[in-house]
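Student: please work out how this folds:
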Amino acid sequence: QTAARRLAKQASAADLTPKQMSTHNNKGSGGRGGGAHHLRNVFAKPLNPEEVASFQAPFFAKSDSEMDFIKKSLQKNFMFTSLSERQLSTILRAFGKVEIPWGKQVIQQGDEGDYFYVIREGDLHYEIDGVMVNSASVGQSFGELALLYTSPRSASVIADTDCVLYLVRLFYTSPIPRDS
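Tutor: All right, here's what the predicted structure looks like:
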């Protein structure tokens, strides 16, 4: 591997896309390894106009302090800086909450994913091909690529402590209508 390629892989770890959180989904990466699978698709899925027109964002109850925490975290992320208050409010209401125990793998490198996360409590680290490349803690977010592209996970994410994460599903964020 060239130094540029290693650096690009490490840089992509900051924009991780998480694997779908499900106690029923214990599939691994299917033996996929190496870097070639990261190049399969770098285009966003086209939106279906009928789905956009009929879209109803989910609502997960949260306290005002939880809403403020998520909002402050999103304001640090380039993807959310140009949203209107109405669009941001829709996304904030769609975030759910999940507890992750120490040592649990949140994301498997190479898996398909559709969630974006904000870390409420705890510490996690990112691994590419089994090598730790970065870490994240309270107030940070990961999973931006899941919101932008339909590409495989660029890294695995593992909880270093018990964690509380807020998560929003890709489908909930893509078709939010523009303000008139």
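Student: lowest confidence element among the helices and strands of the protein?
Tutor: Here the helix or strand of the chain ranked lowest by mean pLDDT, DSSP states H and E is helix 3-12, holding a mean of 38.
Student: which residues are contacting the helix or strand harbouring Asp68?
Tutor: Element membership for Asp68, per DSSP states H and E: helix 64-75. Outside of helix 64-75, the residues within contact range by Cβ atoms under 8 Å, 6 or more residues apart in numbering are 62, 80-81, 88, 91-92, 95, 97, 118-120, 139-141, 166. All C-beta spots, glycine's among them, are computed from the backbone N, C-alpha and C.
Student: ok, then the element right after it?
Tutor: Next along the chain from helix 64-75, counting by DSSP H and E, comes helix 85-94.
Student: what is that next one packed up against?
Tutor: Helix 85-94 sits against helix 64-75, strand 163-169, helix 170-173, with contacts defined as 3 or more Cβ pairs under 8 Å, 6 or more residues apart in numbering; DSSP states H and E.
Student: now mean pLDDT, mean neighbour count and distance to Ala57 too, for those, in JSON lines please.
Tutor: As requested, these are arranged in JSON lines below (pLDDT from 0 to 100; neighbours: other Cβ atoms under 10 Å; distance: least, Cβ to Cβ, whole Å):
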{"stretch": "helix 64-75", "mean pLDDT": "96", "mean neighbour count": "15", "distance to Ala57": "14"}
{"stretch": "strand 163-169", "mean pLDDT": "95", "mean neighbour count": "22", "distance to Ala57": "9"}
{"stretch": "helix 170-173", "mean pLDDT": "54", "mean neighbour count": "20", "distance to Ala57": "6"}
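Student: I'm done for today, thanks for sticking with me.
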